[in-house]
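Student: quick one, fold the following:
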Amino acid sequence: MESKQVSFGIPCNTAYGKHGCNRLTSGRFRARSRRKGYAPDSQVFDSLADATEWKADTDAGKRHGTYANSREAESTTLKDALKAYLSEVVEGKKGKTRVNERNHVNALAGDRISHYSLAALNIKHLREFKLRRLSTDNSRKPGSKISSETVRKDLRKISSVFNWYREANNLDFLDNPLANRGKFLPPRGEERERRFNTLQNEEARLLEAAKNYGDGGYTPLIRWLVASAMRLQEALLMQWQRVNIHTMTVDIPISENKTKVFRPVPISPDGAALLQEMNSGQVKKIAGSVFNLNSASVETGWKRIKAKAAIEDLHLHDLRHEALSRLGGLGLSSSKLMKFSGHKYSSSLDRYVHLDELSLAQKLQRLSLTNK
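Tutor: Reported below is the predicted structural model:
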C-alpha cells in the first residue's frame, strides 16, 4: 500500500511533477531520473535542493553517457583501485620489482587515505596524507622520520594508480587531483652519490669476498653491473641468445624493461671481456640465462659479501651509479650515456652520474693540452 504524500509546492502524488521530485510523509524528498536507454533511478534526500541537484546531475550524466561511470567512481575506493592494480599489473612483473611494488601497493591500501572514493579524493586529503607521512617515524632508522623521497614515491604511486584505473575503466571525466602538481610533492631529499672508495680499495675487497662466497657465481654479476650500468633485474633476466657479439649489444625486451621500451644496450669493452671470459674454455653458450641467479638470493648474497668485505653503506643499486659515473668520466655525452642507462630524460640520468673531483681535473687537463 503506497504511503500518503503531502504537497509542499511541488506535485506529491504518485506522479512526479516538473521537479522530478515529491515529498514523503516523513518530510524527506524523493527524486527520480528517467531517460531512454537507462533504468529508472531514484533517491531520497533531506532537502528539495539536494534532490533537484541530484536529478539535474544524473540527467546530465545520462545525456553525456557518463552516468554509470560516475556511480562507479563514487562507489570505488582508492583501496579498490590499488587492489585491482596489484592483481592486474603488479603481479605480471618479475623478480624484485614485483616484490617491492607489491609491498608498496599493499602499504598504501592499508593507509586510511585508501578509504576515500575516487570521486571524493581531493588535494586536501592528499595534503593531510603527505603531512602525516612526513611526521611518521622511520622504523628502519630509529630517531628519524620517513624521508621526503619516500613520500614523493607514495604520492606518485597514488597518481599512477588513479590514472591507470581511470583509463582502464573509461572514467575520462574523473580528474586526477595530483595532475600537474609537481610543486605539491615534498622537496627531494639529498641524492645518493655513493661510489667505491678508491682509497680503501673497496672494489677489490668486494670482488675478493664475492669470489670466496658460495661457488663464486656472484663475482661475474658484480663485475657486469659495474661494467654495463644495467638495472639488477635486467641483468638477471639476460639470455645468451640476446647477446649480439657482432653489434656488441644486449637486447632487453619490453616485458623485462622498466621503461617498457625495447632497447639494445651497448656492451662496454670491460663487459665484452667479461662475457668472453665466462665462455672461455667451454662450449659456447648460445641459450639460457647468463647469470643463474634470482633477485632473492642476490639480496641475501650481497649482504653477506659486504659483511665479508667489511664494507658499510653500499647498496647494490650503487653499482649502477658507479658504472654510469665511470662512463661519464670517459667524456660520453648525455644522449650516449642514456643508451646505457635506459633513462628517458637527462634529468633522471643526472641523478646517477657523479664525477669525482680527480676525474674532472684530469678531464680538464686533457682539454687544456688538446687546445695548446
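
Student: ok, longest helix in this protein?
Tutor: Across the chain, the longest stretch assigned as helix under DSSP state H is helix 148-168.

Student: any buried residues in it, and which?
Tutor: By 16 or more other Cβ atoms under 10 Å, the buried positions in helix 148-168 come out as 148-152, 154-155, 157-159, 161-162, 165-166. In this view, the C-beta of every residue, glycine as well, is placed from N, C-alpha and C.

Student: low-scoring pLDDT stretches of the stretch 1-150 of the chain, where are they?
Tutor: Scanning the stretch 1-150 of the chain with the threshold set as pLDDT under 70 gives 1-19, 66-70.

Student: counting contacts, what elements does the longest helix of the chain pack onto?
Tutor: The contact analysis (3 or more Cβ pairs under 8 Å, 6 or more residues apart in numbering; DSSP states H and E) places helix 148-168 against helix 78-88, helix 95-109, helix 123-134.

Student: any idea which helix or strand comes after that helix?
Tutor: Where DSSP states H and E defines the elements, the next helix or strand beyond helix 148-168 is helix 202-211.

Student: now do the helix or strand following that following helix: everything it contacts.
Tutor: The first helix or strand that comes after helix 202-211 along the chain, using DSSP H and E, is helix 218-228. For helix 218-228, contacts defined as Cβ atoms under 8 Å, 6 or more residues apart in numbering pick out 203, 206-207, 210-211, 230, 232, 235-236, 250, 265, 267-268, 270-271, 274, 278, 290-291, 293, 298, 301-302, 305, 316, 319-320, 322-323, 326, 340.

Student: same question for helix 218-228, mean pLDDT?
Tutor: Mean per-residue pLDDT for helix 218-228: 91.

Student: what about the closest residue to residue 95 other than its chain neighbours, how many residues close to it?
Tutor: Excluding its sequence neighbours, the residue lying closest to residue 95 (Cβ to Cβ, 6 or more residues apart in numbering) is residue 295, at 4.1 Å. For residue 295, the neighbour count with other Cβ atoms under 10 Å is 19.

Student: give me the buried positions along stretch 294-312.
Tutor: Neighbour counts over stretch 294-312 (16+ other Cβ under 10 Å) mark 295, 298, 301-302, 305-306, 309, 311 as buried.

Student: do the same with stretch 32-39
Tutor: For stretch 32-39, by 16+ other Cβ under 10 Å, it's 32-33.

Student: how about it as CSV, C-alpha atoms only?
Tutor: Extracted in CSV, the C-alpha atoms of stretch 32-39 (Å, rounded to 0.1, in the frame of the first residue of the first chain):
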residue,chain,number,x,y,z
ARG,A,32,13.6,10.4,-9.8
SER,A,33,15.6,10.3,-13.1
ARG,A,34,14.2,8.6,-16.2
ARG,A,35,15.9,8.5,-19.6
LYS,A,36,15.6,6.2,-22.6
GLY,A,37,18.2,3.5,-22.5
TYR,A,38,18.6,3.7,-18.7
ALA,A,39,16.7,2.0,-15.9
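
Student: contacting residues around it?
Tutor: 16, 20-21, 40-42, 55, 58-59, 62-63, 67.
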